[in-house]
Each structure stands twice: as C-alpha cells, then as structure tokens.
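[1] Provided below for reference: sequence and predicted model.
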Amino acid sequence: MLLQKIQLKGFLSHYGQKKDTEIVPVEIDFRKSSLWLIYGPNGAGKSAIFDAITFALFKEHRGGKTNFERLINDKAEKAEINLEIELDGKQYLIQRTVSRQARTKVWGMVRSWDGQEWKAEPETTNAIEDWVAKKLRMSYQTFVSAVVLRQGESDAFLKSKPTERKDCLIELLDLEFYRRLGEAANTQKNIWSKNQDNHQKALDKSPEVTEVEIQTQNELILQLENKVFQAREALDEKRFALSESKRVADLIIQISEKKSQQQADNEILLEADKIQNQVKHYHELKIFLLQLENLWHIRQRLASEQTDLLSIQTELETNQNNLAIIIEKLNKTTSLVANIQIELTQIEIELNNTILHEQALLNKLKNLAQITNLEKLITIEQEKLIPYQQILGCNNEITKNFQLYNQLIRLAPIVEQIRQVELVISNSKKVVEKAETEVLKLQHKKIILDHDCGMLKKQCDQRNQEINIQEGLLEDYKVKIKIINSKIIDESM
C-alpha cells in the first residue's frame, strides 16, 4: 500500500483553510516527493495526520474505538477525511465522516478510480473495515506496531506479549494462509485417525475367516465372472443386432425419401417445358426491365443535359448581346479618344509655340539688361520707368499665357472623360474575358457530354453483348435439359 494524498477538514486541529468565503480541506499530496518530514510545535496537528490515516482505514484512533466526537474540531459540526491510496496497482479513495448531530455518527465508503471518475466499490458503505481486512490482510495493532510508529510507542512491538508478536509477524509476513492451512491439515488428520480407529474396532469385532470359506468365495467369484463374461457377449450381440436394425430402419427411411424425391423430380420433369418457358419469360422480362431502366435513366440524363444546354445557349446569347453592346461602346469610346488625341496634339503645338516665344522674350530681356548696365548716365526717372516699360513689353506674353490657361481649363473635363472612357474600356475588357471563360467552360461541358454519350453507347453495346451471351447460355441449358430428359426416358424404358 502506498499513500497518495490526504484531505482533512474539521478533524482535530485541522479545521481547514479559508478561501474567499468558504473553508476548504487541508491537503497533503505525497506523490510530489518520495521523502516527507512533518514538523511543527505541540498541537500543530502532526500526530493528527497519523490518527486520520488509522481512523480512515480501521475506524480506530489513539483513544480507541469510541468517543469519535472528540475527533471533530471545536469550530466544526463534522470531521471529513479523504485518503487516497495505491493498492495492487489500483487507485482507491477512502472517505470517512464523523458528525455531531447525525443519526449515523460515522459514515464511510471506498471508491476506485476507473480512469475518468471515482466509482463506489460495492458493499463498502459503512463497511470499510471488512474491505481493509480483505485487501491489506492486517489488523489495527499490526499496522500501528510495524507500519505507523506513533509518538512514544516506537518499542511497542518489543514490549508486546509473545502471542501478540507472533500474530503481528504472521500478518506482516503474510503467513496467515499457511497457518490456516496447517489448522485445516490438523483437523483432517484428526478425522482420518478417528476413522482409522473406528475401522480397526469394526475389524477386531468381526469373526475370523477360514480357508474353506475363502475357497468357496473364490469359486463363487469365478462363477460370477463367467456369468458376467457370457452376459457381456450376449449384450454385444444385442447391441450389434440393435445397430443393424437401426441401420435397416435408416435405409428404409432413406428409400422412402428417395422415392418421394423421385416422384417430385418426375413431377418437375413433367412440368419442365412449362418451367423453361416461365424461366425464359422471366429472363426476357428481366432484361426488358433492365433495358427500360437504362433507357429511363438515359432519357432523364438527356433531358437534364438538354435543359443545361438550353440554359447555356441562353447565357451564350445574352453574353453575345452584351458583347455587341460593349463593342459598340468601345467603338464610340475609340472615336472619342481619337478626337481627344487630335485636340491634345493641337494643344501641345500651341504650348510649344508659347514656350519658344517665352524663350525669345527671355533673350530680349537679357539683351536689355546688358544695355542697362552699359547706360550709366541715364537719369533716376528713366531708371524708375524701366520696370513699367518691361511690364508693358510683357503684356502680350501675359495675355497669350492667360488664353492658354483658359484653353487648359476648357480641356480639363475632356481629360476626365478620357479617364472614364479608359475605365469603361478596362471594365469591358474584363467582361469580355469573363465571357470568353464562360464560352470555354461551355465548350468543355459540351465535350464532357459528348464523352458521356459515347460511354452510354458503349454501355448499351455491352448490355446487348451480355444479353446475347445470356441467350446463348440459355440455349445451352435448353439443349442440356433435352439431353437429360432423353436420358431419363431411356432409363425408364
């Protein structure tokens, strides 16, 4: 047995741990380490852990088998113990509850782990001690003497009486079976010795047997053996006769069955032509039904394919109409684009002319600047009039630039129209591409339908070949039946 985990709530000094608004049990998980040290001041609850283990297993504690209310903490109404152990490779949960006011002061149950949940062990409710005695094969005294050494009782085993030490060692070494075996052997030995004495007494009381009586008894035995041998021979003869009679009866039954079977066969042979006609008619009907079913399926398929073709044709017509409309729009847009391009070329020519004119004016301005630098003797009034003269000289150029600006403003909506036309052209191209893909899909569907029609024709040809083969086999069967009929007629003759 290996301790796995223990949970205590309201047991002696282990009242529990406060979590939020409720009290949860104190838990020790022994699986986290292979070695544990429990330490603390007096009254912390060190010995209470061992009391909880012994109480959960044997319903006993340091105070004995009574006064279980003393195990309940002063603040609690009941004490709860959940002890998990591993025994023979299985996980078990032993639960004990001690109540102050309940009718059943002590309640207990054993549960086993099935891989998903704890399931109650049968016949363990308030009967844990029987389950522990059966599984552990150890009493409370042996457990506290050898397994759990309580405080101040480490030498309890040495101070105990010889009989108690003997019982403890028998339980620890699992010698109880051999002790019970020895007791059973002794009882059986006593019974056999008693029977032997009784038989000896009966033998002593019986009279002595003479040689004459022994000889007469031997002669009687020989006579009886001869009679038994004769009886066995007679019995073997009777058994052989019985088996022969059974075999004859079985043969008679078989002959009657053969006769009835022959009569039934004759009746069937008399109706052979009728049966052959019916079989032929049945096969013809079956073949006809299969052909009808195939034709019906083919017709349904052709009807669905025709509807699909009609829908495809309508889609093609609509796509062709849309394509024609798009082509018309494309032609209009191309003509519009050509006109716009002509206007744009004219505007570019005018812009080039203006640029050349501006360059000429700039050259003139450079010449004027050189002249002004050379004329140092011109008066201040003439120098003040020079900017106004330059402005008057650039008046024509400014008017031309303003006219060009107005022309560009007028051409701005045309440029926007060109952009819209380009968008329409790109969208129409996408529509045309979609229509082309749809046409390709429809052509692919048409190819698949043509292939399916060819496959159906091949299947029809195969069916016709199978029908011809079946008809040939039927003819062969007819010939064989005629040969059999002729043989039967010859045998009956």
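    That came through fine. Numbering: from 1, shown residues only.
[2] when you work out contacts or count neighbours from here on, use the C-alpha atoms and nothing else.
    OK.
[3] okay, domains of the protein per the record?
    For the chain, automatic domain parsing gives the domain ranges 2-136, 219-267, 274-479.
[4] show the average pLDDT along the first one.
    Same thing as domain 2-136. The predicted model assigns domain 2-136 a mean pLDDT of 86.
[5] gap between that domain and the chain center?
    Taking CA atoms, centre = their mean, to the nearest Å, one finds the center of domain 2-136 at 39 Å from the center of the full chain.
[6] most neighbours per residue, which of the domains of the chain?
    With neighbours taken as mean count of other CA atoms under 10 Å, these reach their highest mean count in domain 2-136, at a mean of 16.
[7] give me phi/psi at Met138?
    For Met138, the backbone dihedrals (degrees, to the nearest 10) come out as phi -150, psi 140.
[8] repeat that for Thr21.
    As for Thr21, its main-chain torsions (degrees, to the nearest 10) stand at phi -110, psi 10.
[9] do Ala127 as well
    Backbone geometry at Ala127, expressed as degrees, to the nearest 10, gives phi -140, psi 40.
[10] and the domains of the chain: which comes nearest Thr210?
    Between Thr210 and the domains of the chain, the tightest spacing by CA to CA is seen for domain 219-267, at 14.6 Å.
[11] export the domains of the chain to JSON lines and tack on distance to Asp490?
    As requested, the domains of the chain are exported to JSON lines (distance: least, CA to CA, whole Å):
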{"stretch": "domain 2-136", "distance to Asp490": "79"}
{"stretch": "domain 219-267", "distance to Asp490": "14"}
{"stretch": "domain 274-479", "distance to Asp490": "16"}
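[12] for Ser193, which of the ones you listed is the nearest?
    When those are compared by CA to CA, domain 219-267 sits nearest Ser193, at 32.9 Å.
[13] quick one on the thing from earlier: closest one to Gly182 among the domains of the chain?
    When the domains of the chain are compared by CA to CA, domain 2-136 sits nearest Gly182, at 20.2 Å.
[14] and the closest one, how far apart are its ends?
    Across domain 2-136, the terminal residues are separated by 11 Å (CA to CA, to the nearest Å).
[15] distance of the residue most central in space within the chain relative to Phe11?
    Centrality entry for the chain: nearest residue to the mean C-alpha point is Gln116, 17.3 Å, by CA atoms, centre = their mean. Look at Gln116 and Phe11: by CA to CA, they are 29 Å apart.
[16] for Leu12, give its distance to Asn73.
    Per CA to CA, Leu12 is found 5 Å from Asn73.
[17] to clarify, my last question referred to Asn198.
    67 Å.
[18] rounded mean pLDDT for the one helix or strand Glu293 maps to, please.
    Using DSSP states H and E, Glu293 falls within helix 272-374. Across helix 272-374, pLDDT averages out at 71.
[19] Glu438: what secondary structure?
    helix (DSSP: H, G, I helix; E, B strand; the rest coil).
[20] quick check: Met109 is in a strand.
    Yes - applying three-state DSSP, one finds Met109 inside a strand.
[21] so it is in contact with Thr124, correct?
    Yes - counting by CA atoms under 8 Å, Met109 does reach Thr124; the two are 5.5 Å apart.
[22] where along this protein do the strands fall?
    2-9, 17-19, 22-24, 26-29, 78-87, 90-99, 106-113, 118-120 (DSSP state E).
[23] need these in a markdown table with distance to Ser260, can you?
    Listed next are those as a markdown table, based on distance: least, CA to CA, whole Å:
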| stretch | distance to Ser260 |
| --- | --- |
| strand 2-9 | 79 |
| strand 17-19 | 93 |
| strand 22-24 | 89 |
| strand 26-29 | 85 |
| strand 78-87 | 73 |
| strand 90-99 | 69 |
| strand 106-113 | 69 |
| strand 118-120 | 67 |
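[24] looking at those, spot the one closest to Ala56.
    Nearest to Ala56, of all the strands of the chain, is strand 90-99, at 5.9 Å by CA to CA.
[25] who touches that closest one?
    Strand 90-99 is contacted from outside by 56-57, 68-69, 71-72, 77-86, 105-113, 118, 128, using CA atoms under 8 Å, 6 or more residues apart in numbering.
[26] gap between Gly45 and Ile38?
    Per CA to CA, Gly45 is found 10 Å from Ile38.
[27] and for Lys9?
    18 Å.
[28] equivalent analysis for Trp131, please.
    Distance from Trp131 to Ile38, by CA to CA: 29 Å.
[29] skipping its backbone neighbours, what lies nearest Arg31 in space?
    Leaving out its chain neighbours, the residue that sits closest to Arg31 by CA to CA, 6 or more residues apart in numbering is Gln4, at 5.6 Å.
[30] could you check how far the one you found is from Ile85?
    Noted for Gln4: a distance of 5 Å to Ile85, by CA to CA.
[31] swap in Thr314?
    81 Å.
[32] with Ala133 instead?
    Distance, Ala133 to Ile85, by CA to CA: 15 Å.
[33] repeat for Ala184
    34 Å.
[34] could you do Leu2 as well?
    6 Å.
[35] cool, Lys32 as well?
    From Lys32 to Ile85 the distance is 14 Å (CA to CA).
[36] what do you get for Ile469?
    Per CA to CA, Ile469 is found 78 Å from Ile85.
[37] check Phe229 too.
    If you measure Phe229 against Ile85 using CA to CA, the figure is 72 Å.
[38] check Asn42 too.
    Distance of Asn42 to Ile85, computed by CA to CA: 28 Å.
[39] equivalent analysis for Ile253, please.
    Look at Ile253 and Ile85: by CA to CA, they are 73 Å apart.
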